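Q: below: sequence and its predicted model.
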Amino acid sequence: MEARFLRARDGTYRWHLIRAVPVRDAEGNILRFVGTSTDVHDWRQDQEALRNTQCEFAHTTRVTMMGELTASIAHEVNQPLGAMVTSAAAGARWLATEPPEMDKARRAFERIANDGTRAAEVIRRIRALMKRQAPIKEWLDINETILEVLALTQYQLHRSEILLETRLGHDLPLVRGDRVQLQQVLLNLIINAIEAMSGIREGPRELTIVSAAGGPDTVSVEVSDSGTGLAPEQAPHLFEPFYTTKAEGLGIGLSISRSIVEAHGGRLSAAANTPYGTVFLFRCRSTNRPRSGVSSWSGSELSSLSSTMIHRCAGR
Amino acid sequence: MRGALEDLVSTVGLEVRAFATPQEFLQSKPSDAPGCLVLDVRLPGMSGLTFQKELAKEGLGLPVIFITGHGDIPMSVRAMKAGAVEFLTKPFQDQDLLDAIHTAIERDRKRRREAVRLGELRERFATLTERERQIMTLVVIGRANKQIAAELSLSEMTVKVHRGQVMRKMHAGSLPELVRMADRLGEPIATS
């Protein structure tokens, strides 16, 4: 057990790792405890600093990636706005007919309200991706996470004349993870796929995203493209930091993606797609938790829970 | 956006059909009524400009109106050169779109009428005999009966009779009218 209750000589609290075993007599009554207390304060702080750096690094790549999606994002916001303007014009016209077409006008206004909500939702999602925050683990519907990312990349796909196919499994178990980080992985894979296909002149440009239950407690997501594919000598280095095949790439995206997936207890791997292109597969740990009545636990709730436990133990 | 457009166009009493993808449109039964296509420059799987080209290749010469989120000048120039009626940037004035649609439908009506007339002309031309076609070809390039007779080793009288048949079968009231018909027929005349 770890606790921060021992004071150092200067009066500050420091983290200690405390281990103890009871010493019992022949009847099993506890006579006394024998234990150790190790000061792990510096080690913990290093760990935390490392986590912070990783988090910051992930954030920086995420923001860079969002920069590449500016056109897509503008389009994603513009689309509902344009629809709202058109619906408003249609609504006004229905009201101006003699007699006014009230039902049709009402439907136009409903559309406006829906589109307005949609625009606000897009902005909310983008803000979430741009924000720098510590990972928050919650129960996620992986399909929902995929669709949110696709909404942001739709335009980029259109612009590159890429056909999107999604085969999302039904009733998949929920995945425990940080929404923003998993979306970052997906965004990274999708942007890579778009770039891999931008160079090809002939043949189809297809992006396929498949989600499925990969065994009793995993959910797998496959992102495959029909792009240039991987050269055999590239494959082993793909996830290495600073390894890149792109002229302007930094070689950070995939290595961060892999560490994110691993932090989620999963694996990220790449393979050749047939007849051409690349498939990226990532698996995430999930549970058999029923989908209904799911409460999402935020990180702060969890840490406050464990700290109350610590206090209780310490108080004994 | 599709729903909003569908609704806007129906406010002026036009019949609208909405398609999510170019494929969906191609698989649908084409309408017999004059019409036009309103296309987003970005379509799923294919750019609107490519689709416009494909349609023209298939002989589906429906007039096209483009709408776009952020069209640049080269893009609009390409679209207009390929025969687009209008290139509108979102958000556009509803009246602009409706005006463009009316213009486009009018253009399509003319095109269809023209196509019907051309069909009739072709049918008439098909009723001509080999000899009559030969003579029509020579007549429309301005040869006199005498020259034609010499060229085809026929009597001038025979040429005259054939020529009269051509005029009657083609429903041509005068030589200039026959020339215009030949002009519109174009290809089949040249190959005969």
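A: Happy to help now that I have it.

Q: can you give me the strands in the stretch 201-316 of chain A?
A: Applying DSSP state E, counting those that start in this stretch to the stretch 201-316 of chain A gives strands spanning A:206-213, A:218-225, A:267-272, A:278-285.

Q: nearest to residue B:104, out of those?
A: Proximity to residue B:104 (CB to CB) singles out strand A:206-213 among the strands of the stretch 201-316 of chain A, at 32.9 Å. For the C-beta atoms, the positions are set from N, CA and C on the backbone; glycine is no exception.

Q: roughly how far out does that closest one sit from the chain middle?
A: In terms of CA atoms, centre = their mean, to the nearest Å, the centre of strand A:206-213 is set 16 Å apart from its chain centre.

Q: and stretch A:233-246, by the same measure?
A: Once both centres are worked out by CA atoms, centre = their mean, stretch A:233-246 turns out to sit 22 Å from its chain's centre.

Q: quick one: terminal-to-terminal distance for it?
A: For stretch A:233-246, the first-to-last residue distance is 15 Å (CA to CA, to the nearest Å).

Q: show me the contact partners of that stretch.
A: Residues from elsewhere that reach stretch A:233-246 (CB atoms under 8 Å, 6 or more residues apart in numbering or on different chains): A:195, A:230, A:250-252, A:254-255, A:257-258, A:268, A:270.

Q: what's the most buried one of the strands of the stretch 201-316 of chain A?
A: Ranked by mean neighbour count, these are led by strand A:218-225 with a mean of 23 (mean count of other CB atoms under 10 Å in any protein chain shown).

Q: grab the nearest non-local neighbour of residue A:279.
A: Of all residues not flanking residue A:279 in the chain, residue A:224 sits nearest, at 4.0 Å (CB to CB, 6 or more residues apart in numbering or on different chains).

Q: for the closest residue to residue A:203 other than its chain neighbours, give me its contacts.
A: The shortest distance from residue A:203 to any non-neighbouring residue, by CB to CB, 6+ apart, is to residue A:226 (6.5 Å). Contact partners of residue A:226, counting by CB under 8 Å, 6+ apart, are A:197, A:200, A:203-206, A:273, A:276-277.

Q: report pLDDT for the residue nearest to residue A:269 when sequence neighbours are not counted.
A: In space, and not counting its chain neighbours, residue A:269 is closest to residue A:281: 5.4 Å by CB to CB, 6+ apart. In this model, residue A:281 is scored at 85, pLDDT.

Q: and what of residue B:15?
A: Listed pLDDT for residue B:15 reads 92.

Q: okay, and the closest residue to it other than its chain neighbours sits in which element?
A: Nearest residue to residue B:15, sequence neighbours excluded (CB to CB, 6+ apart): residue B:33, at 7.4 Å. Counting by DSSP states H and E, there is no helix or strand that carries residue B:33.

Q: and residue B:33, how many neighbours does it have?
A: Look at residue B:33: counted by other CB atoms under 10 Å in any protein chain shown, it has 11 neighbours.

Q: just the buried residues of the strand or helix carrying residue B:164, please?
A: Element membership for residue B:164 (DSSP H and E) is helix B:156-169. Going by neighbour count (16 or more other CB atoms under 10 Å in any protein chain shown), the buried part of helix B:156-169 is B:159, B:162-163, B:165-167, B:169.

Q: may I see the buried residues of the helix or strand following it?
A: Moving toward the C-terminus from helix B:156-169, the next helix or strand (DSSP H and E) is helix B:175-185. Using 16+ other CB under 10 Å as the burial criterion, the residues of helix B:175-185 that qualify are B:178, B:181-182, B:185.

Q: so what does helix B:175-185 touch, helix or strand wise?
A: The contact analysis (3 or more CB pairs under 8 Å, 6 or more residues apart in numbering or on different chains; DSSP states H and E) places helix B:175-185 against helix B:94-126, helix B:130-140.

Q: closest to chain A out of the ones you listed?
A: Closest to chain A of the helices and strands packed on helix B:175-185, according to CB to the nearest CB: helix B:94-126, at 3.5 Å.

Q: buried set for the closest one?
A: Here helix B:94-126 shows B:94, B:97-98, B:100-101, B:104-105, B:107-108, B:121, B:124-125 as buried, counting by 16+ other CB under 10 Å.

Q: considering only those, which also neighbour chain A?
A: Residues of the buried residues of helix B:94-126 in contact with chain A (CB under 8 Å from any CB of the partner chain): residue B:94.

Q: make a markdown table from the buried residues of helix B:94-126 and add pLDDT to it.
A: Shown next, in a markdown table, are the buried residues of helix B:94-126 (pLDDT from 0 to 100):
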| residue | pLDDT |
| --- | --- |
| B:94 | 92 |
| B:97 | 94 |
| B:98 | 95 |
| B:100 | 95 |
| B:101 | 95 |
| B:104 | 94 |
| B:105 | 94 |
| B:107 | 93 |
| B:108 | 92 |
| B:121 | 90 |
| B:124 | 92 |
| B:125 | 92 |
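
Q: separation between residue B:112 and residue B:13?
A: Separation of residue B:112 from residue B:13 (CB to CB, to the nearest Å) stands at 20 Å.

Q: and for residue B:116?
A: The gap separating residue B:116 from residue B:13 is 25 Å, by CB to CB.

Q: kindly report the same for residue A:229.
A: To residue B:13, residue A:229 is 53 Å away according to CB to CB.

Q: between the two, who's got more neighbours?
A: Per other CB under 10 Å, whichever of residue A:229 and residue B:13 has more neighbours is residue A:229, with 19 against 7.

Q: distance of the more buried one from residue A:280?
A: Taking CB to CB, one finds residue A:229 at 12 Å from residue A:280.

Q: ok, back up a step: looking at the buried residues of helix B:156-169, spot the one nearest residue A:54.
A: Nearest to residue A:54 among the buried residues of helix B:156-169 is residue B:169, at 86.8 Å by CB to CB.
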